[in-house]
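> I'll drop the sequence and a predicted model, then ask my questions.
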Amino acid sequence: MSVSKKRHAKTLLAATGVGTVLAATGFAIAMATDNADYSAPEPNEHLSGGKATVFNQTRNAFSLPSANMAVSRRLDFSVGNSFFRNPWVMAPASTDARDGLGPLFNTNGCQNCHIKDGRGHAPSGPDDTAVSMLIRLSIPAITAAHKAQLKTDGSVPDPVYGGQLQDFALLGVAPEGKIRVTYSYQTVTFADGDTAELRKPSFTIEDKGYGEFHPDIMFSPRVAPPMIGLGLLEAIPERTLQAYADPNDHNNDGISGRLNQVWDTEKQTTTIGRFGWKAGQPNLRQQNAAAFNGDLGITSGLFRKDHCSESQQDCLNSINGGDPELSEEILNFVTFYSRNLGVPARRNVDAPDVLRGKQLFNEVQCAACHIPQTTTAQLTGQPEQSGQTIWPYTDLLLHDMGEELADNRPEFLATGQEWRTPPLWGIGLTKTVNGHTEFLHDGRARNLTEAILWHGGEAEQSREHFVAMPRHDRRALLAFLESL
């Protein structure tokens, strides 16, 4: 079943089990209905990635190639995997295919953040290190030059520290600083009296290596997202995403998703954004090149300069690994690898509680943004992604998620309160693959319940539906999410 937000916005009806009023808020609960049959799974609903779906529920579930990949193409996948997984080193080195690390960087290998090709996590407290999290930096666009820079960069970097805090450096170069996080806590009470505790992070930068930040500095913490199914998301036709968008909320459902418009460095033009927490990158090739440049300090044909400002002379004077340090061939291998990480099949799709949870997911309008099903384009040279019916549970659009989740840092057209809808496929295997269940852009949510309770803005009504549900319905909704 393809569920669009227009379909779910037509009618709000009182529903059995949740037609209550929250005395504390005065919020009347009503739910949407589409008269769908939820007594059995839909055909091929378990095939999250279409024919590319992999059948694995182990710790390696996110690290397998598309199931429909020909044997003749698997060597390219393995080569890309090696460059994604293995550490890079400083130049000069005998392993010249892997040198050029730094001089400033966040990690020495892609897999260090995308652990087992999965999800990163936030530091647990002030004494923990940010091993799979980074901090984006920018300042307000005030001058004409700043505003011009927004077209190609999406934001204006700090004049000293640049657009990303890099907390490691080569010998002889000072790191930019250390990320420290503390948490405050608050309790949410459900309509039936159950409670949940939320933790709210507060980030600071200590041991700053190059003086103070700009007085109007803006921070945005980001944990590494999972890598599965990225090629399938890239293959969703632009016209499909445009059809999902409703920037002016013409259907009056309170949901006004819109596409980000970002800079394609290779084509030197503006196009739609798909990747990153604010959909700030247009395609996987550029996403990978930007990560090599910002996270590992490795230049490429797309990004030919290290992240060294004029105030960082040791950084500027460091030996590099060539110009560029990342060859086109290696970038192509890594892009092929990241394009072809298969999506695990769903589990327990016919379980009664999962089917009930699916019904609730649709009725309370979660599916208005987390659109379940779509079809990829017919592609030449990408048989694994071509013409696949997939179940990613995303519209790839920007949505206002409210003040509580805001980073207050714009990125291209994305405001400080907007985030791209993250895909939900594979979310139920997070614990198995990564050993934790931390979600959202900064990892603040320690489980799916907390993740839902942090939803605000356009998702506020769906959140209140969840708060008003009786315990057995909340558990059913969570069982559905765990099946994805």
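Looks like it arrived, so ask away.

> what number of residues lie near residue 80?
24 (other CB atoms under 10 Å). Every C-beta, even on glycine, is put in place using the N, C-alpha and C of the backbone.

> can you pull the contacts of residue 304?
Going by CB atoms under 8 Å, 6 or more residues apart in numbering, residue 304 touches 323-324.

> same thing but at 6 Å, please
By CB atoms under 6 Å, 6 or more residues apart in numbering, the residues touching residue 304 are residue 324.

> so which strand or helix has it?
Assigned by DSSP states H and E, residue 304 belongs to no helix or strand.

> So what does it have for phi and psi?
Dihedral angles of residue 304 (phi, psi; degrees, to the nearest 10) stand at phi -90, psi 0.

> Residue 273 versus that one, what's the distance?
Going from residue 304 to residue 273 by CB to CB, to the nearest Å gives 22 Å.

> Same question for residue 71.
35 Å.

> between these two, who's got more neighbours?
A count of neighbours by other CB under 10 Å puts residue 273 above the other of residue 71 and residue 273, at 28 against 6.

> show me the contacts for that one.
Counting by CB under 6 Å, 6+ apart, residue 273 makes contact with 260, 262, 279-280, 282.

> which regions of this protein sit below the pLDDT cut-off?
For the chain, the stretches with pLDDT under 70 are 1-34.

> Which residue ranges of it form helices?
5-8, 74-85, 144-153, 230-234, 238-244, 284-296, 313-316, 328-339, 352-363, 430-434, 448-453, 460-468, 471-483 (DSSP state H).

> Buried residues, stretch 150-157. List them.
Using 16 or more other CB atoms under 10 Å as the test for burial, stretch 150-157 gives 150, 153-157.

> just stretch 338-351 next, same as before
338-346, 348-349.

> cool, stretch 457-473 as well?
Residues of stretch 457-473 classed as buried by neighbour count (16+ other CB under 10 Å): 457-459, 461-469, 473.

> Make TSV from the helices of the chain and add distance to residue 174 to it.
Output for these, formatted as TSV (distance: least, CB to CB, whole Å):
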stretch	distance to residue 174
helix 5-8	48
helix 74-85	28
helix 144-153	24
helix 230-234	34
helix 238-244	43
helix 284-296	18
helix 313-316	7
helix 328-339	29
helix 352-363	49
helix 430-434	32
helix 448-453	37
helix 460-468	43
helix 471-483	44
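
> ok, and which of these has the densest surroundings?
Per-stretch averages of neighbours, counted by mean count of other CB atoms under 10 Å, single out helix 230-234 among those, with a mean of 25.

> so who does the spatially closest residue to residue 337 that is not a sequence neighbour touch?
Counting by CB to CB, 6 or more residues apart in numbering, residue 80 is the residue found nearest to residue 337 once chain neighbours are left out, at 2.7 Å. Taking CB under 6 Å, 6+ apart, we find residue 80 in contact with 333-334, 336-337.

> can you list the residues that contact stretch 244-262?
With contact meaning CB under 6 Å, 6+ apart, stretch 244-262 is reached by 5-6, 9, 241, 270, 272-273, 279-280, 282, 368, 395, 397-399, 412-414, 458.

> so how far is residue 400 from residue 247?
Using CB to CB, we find residue 247 at a distance of 11 Å from residue 400.

> Of these two, which one has the most company?
The residue with more neighbours, out of residue 247 and residue 400, is residue 400; 22 against 12, by other CB under 10 Å.

> Can you give me every residue that contacts that one?
Contacts of residue 400 by CB under 6 Å, 6+ apart are 417-418, 457-458.

> Can you lay out the residues you listed as TSV showing distance to residue 104?
Below are these laid out as TSV (distance: CB to CB, whole Å):
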residue	distance to residue 104
417	30
418	29
457	35
458	37
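
> Do I have it right that residue 130 meets residue 121?
No. Contact criterion CB atoms under 6 Å: residue 130 and residue 121 do not qualify, at 9.3 Å.

> Near residue 416, how many other residues are there?
Using other CB under 10 Å, residue 416 has 15 neighbouring residues.

> Roughly how far does the residue lying closest to residue 108 once chain neighbours are set aside sit from residue 411?
Spatially, and ignoring its direct neighbours in sequence, residue 108 is nearest to residue 87 (4.5 Å; CB to CB, 6+ apart). Between residue 87 and residue 411 the computed distance is 29 Å (CB to CB).

> Which one of the two is surrounded by more residues?
Taking other CB under 10 Å, residue 87 and residue 411 do not tie; residue 411 has more neighbours (27 against 14).

> Please name the residues that touch that one.
Neighbour list for residue 411: 154-155, 278, 280 [criterion: CB under 6 Å, 6+ apart].

> Can I get these in JSON lines including distance to residue 75?
Shown next, in JSON lines, are these (distance: CB to CB, whole Å):
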{"residue": "154", "distance to residue 75": "36"}
{"residue": "155", "distance to residue 75": "39"}
{"residue": "278", "distance to residue 75": "35"}
{"residue": "280", "distance to residue 75": "32"}
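
> so which of those residues comes closest to residue 65?
Minimum distance to residue 65 across the contacts of residue 411 is 27.1 Å, recorded for residue 280 (CB to CB).

> List just the nearest of the contacts of residue 273 to residue 103.
residue 280 (24.3 Å).

> and the gap between the residue lying closest to that closest one once chain neighbours are set aside and residue 155?
Closest residue to residue 280 apart from its sequence neighbours, by CB to CB, 6+ apart: residue 411 at 4.9 Å. Residue 411 sits 6 Å away from residue 155, going by CB to CB.

> Surely residue 190 and residue 465 touch.
No. At 11.4 Å, residue 190 does not count as touching residue 465 under the criterion of CB under 6 Å.

> May I have stretch 107-126 exported as PDB, CA atoms only?
What follows is stretch 107-126, C-alpha atoms only, in PDB (Å, rounded to 0.1, in the frame of the first residue of the first chain):
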ATOM      1  CA  THR A 107      38.100   9.900  12.400                       C
ATOM      2  CA  ASN A 108      40.600   7.800  10.300                       C
ATOM      3  CA  GLY A 109      38.000   5.600   8.700                       C
ATOM      4  CA  CYS A 110      34.400   5.700   7.600                       C
ATOM      5  CA  GLN A 111      33.400   2.600   9.500                       C
ATOM      6  CA  ASN A 112      34.500   4.200  12.800                       C
ATOM      7  CA  CYS A 113      31.400   6.400  12.700                       C
ATOM      8  CA  HIS A 114      29.000   4.200  10.600                       C
ATOM      9  CA  ILE A 115      29.800   1.200  12.900                       C
ATOM     10  CA  LYS A 116      28.900  -2.100  11.000                       C
ATOM     11  CA  ASP A 117      27.400   0.300   8.400                       C
ATOM     12  CA  GLY A 118      24.800   1.300  11.000                       C
ATOM     13  CA  ARG A 119      24.000   4.100  13.300                       C
ATOM     14  CA  GLY A 120      26.300   6.300  15.500                       C
ATOM     15  CA  HIS A 121      25.600   7.300  19.000                       C
ATOM     16  CA  ALA A 122      26.000  10.300  21.300                       C
ATOM     17  CA  PRO A 123      28.400  10.500  24.200                       C
ATOM     18  CA  SER A 124      26.900   9.100  27.300                       C
ATOM     19  CA  GLY A 125      28.100  12.000  29.400                       C
ATOM     20  CA  PRO A 126      30.800  14.600  29.900                       C
END
